[in-house]
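Colleague: test case, fold it:
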Amino acid sequence: MYKYFIILLLSVCVAACSNDASIIDETLNSKETAKADGISDDVIMLSTKSVTLNGEGGLVIVKTEGQHWWITDIVVDGEMLYSMTNNADDVKETAETGNFTAQCGWLTVKVENWKITVTAMPNEDGGERTFSIGLECGDYFDRIEGKQEPKILDGIWDDNIKLSTKEVTLNSKGEPATIKAEGRHWWITDIMVDGEMLYSMDGNTDDMEKLAETGNFTAQCGWLTVKVENWEITVTATPNDNGSERTFSIGLECGDYFDRIKGKQEAITSGIRLPVVNK
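Modeller: The predicted structure follows:
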């Protein structure tokens, strides 16, 4: 009887040790397989993690299958210009609604319904510009790495658009300004409003083909309206009661020639009104 008791006790001890060993193995394995991007699996699922913007600014869209993530940081040319550490409200809003906007120098990052749109101002610095966008969801971390090519100033062709002017100023009321073009079969590449790209030919190839063929085009970009009729460009704006000057630019292309109209709108200046004294 004593012999059987000893055998039973040894069996229990061996089983217990085996269980402890398996637990230890699982713990070690989990540590070995822990990823640099967090211990969770990919719950953001980016459509791409590397993007390139053209020198004119361009526009790229990065889609995500996952939701309830947020932007942790935005680094532009090696400098962190946005951090969630200082923007707790942004983190909460993005995670709940899928909406976010940040202007970081020459770069604009916008999230709408979990879709990331990255735009940039034209790169006339002469060299490549870089940026990266950090994302987080629980214990999963990811990053979009990007660059912007330098703009090829004017292209290698001679001026075949021949604008009547390349600089315009709209009055505070937003009354129209007209720019004529001697050339034909050109198109609009982008429209920047207050430093943000609100129109890009990258997402509107039908517009590009129609304009190049017919000389007709219309785009509403925030407070700015750009209209082309028979190769004549008309720019109008809503009244500027914001108290400060507003800016815009319009990129044009024809083959291997590039040009740009730069503009601004004056602000409404309100005079000082004296109080009326009733007698």
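
Colleague: name the residues that touch stretch 121-130?
Modeller: If you take Cβ atoms under 8 Å, 6 or more residues apart in numbering as the criterion, stretch 121-130 is touched by 53, 55-57, 76-78, 106, 120, 145-151, 153, 192, 195, 197, 249, 251, 260. For the C-beta atoms, the positions are set from N, CA and C on the backbone; glycine is no exception.

Colleague: list buried residues within these.
Modeller: 53, 55-57, 76-77, 106, 120, 146, 148, 151, 192, 195, 197, 249, 251, 260 (16 or more other Cβ atoms under 10 Å).

Colleague: in strands only, show me those.
Modeller: If you go by DSSP state E, the buried ones among the contacts of stretch 121-130 have 53, 76, 120, 146, 148, 192, 197, 249, 251, 260 in strands.

Colleague: end-to-end on stretch 89-103?
Modeller: The first and last residues of stretch 89-103 sit 16 Å apart, counting by Cα to Cα, to the nearest Å.

Colleague: in that stretch, which residues are buried?
Modeller: 90-91, 94-95, 98, 100, 102.

Colleague: go on, stretch 134-142?
Modeller: Neighbour count says stretch 134-142 has 134-137, 140-142 buried, by 16+ other Cβ under 10 Å.

Colleague: got those as CSV, with secondary structure, pLDDT and distance to D202 columns?
Modeller: As requested, the buried residues of stretch 134-142 are arranged in CSV below (DSSP: H, G, I helix; E, B strand; the rest coil; pLDDT from 0 to 100; distance: Cβ to Cβ, whole Å):
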residue, secondary structure, pLDDT, distance to D202
G134, strand, 97, 24
L135, strand, 97, 23
E136, strand, 96, 28
C137, strand, 95, 28
Y140, strand, 96, 30
F141, strand, 96, 29
D142, strand, 97, 24
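
Colleague: now, which of these sits nearest T64?
Modeller: L135 (8.2 Å; Cβ to Cβ).

Colleague: M80: how many residues sit nearby?
Modeller: Close neighbours of M80, defined as other Cβ atoms under 10 Å, add up to 13.

Colleague: ok so, going back, mind putting the buried residues of stretch 134-142 in TSV, distance to G127 included?
Modeller: Shown next, in TSV, are these (distance: Cβ to Cβ, whole Å):
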residue	distance to G127
G134	24
L135	27
E136	31
C137	34
Y140	34
F141	29
D142	27
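
Colleague: can you tell me which of the residues you listed comes closest to E229?
Modeller: Proximity of these to E229 (Cβ to Cβ) peaks at L135, which lies at 43.6 Å.

Colleague: that closest one touches W70, doesn't it?
Modeller: Yes - the pair L135 / W70 is scored as a contact, 7.2 Å apart, by Cβ atoms under 8 Å.

Colleague: residue contacts, G58?
Modeller: By Cβ under 8 Å, 6+ apart, G58 lies in contact with 119-120, 148, 190, 197, 200, 202.

Colleague: quickly note the distance from it to F217.
Modeller: Look at G58 and F217: by Cβ to Cβ, to the nearest Å, they are 18 Å apart.

Colleague: helix or strand for T117, which one?
Modeller: Element membership for T117 (DSSP states H and E) is strand 115-120.

Colleague: for that strand, list the C-alpha coordinates in CSV.
Modeller: Coordinates of the C-alpha atoms in strand 115-120 are reproduced here as CSV (Å, rounded to 0.1, in the frame of the first residue of the first chain):
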residue,chain,number,x,y,z
LYS,A,115,-9.2,57.3,-44.4
ILE,A,116,-5.9,59.2,-44.3
THR,A,117,-5.2,62.0,-46.9
VAL,A,118,-1.8,63.5,-47.1
THR,A,119,-1.1,66.7,-49.1
ALA,A,120,1.8,69.1,-49.3
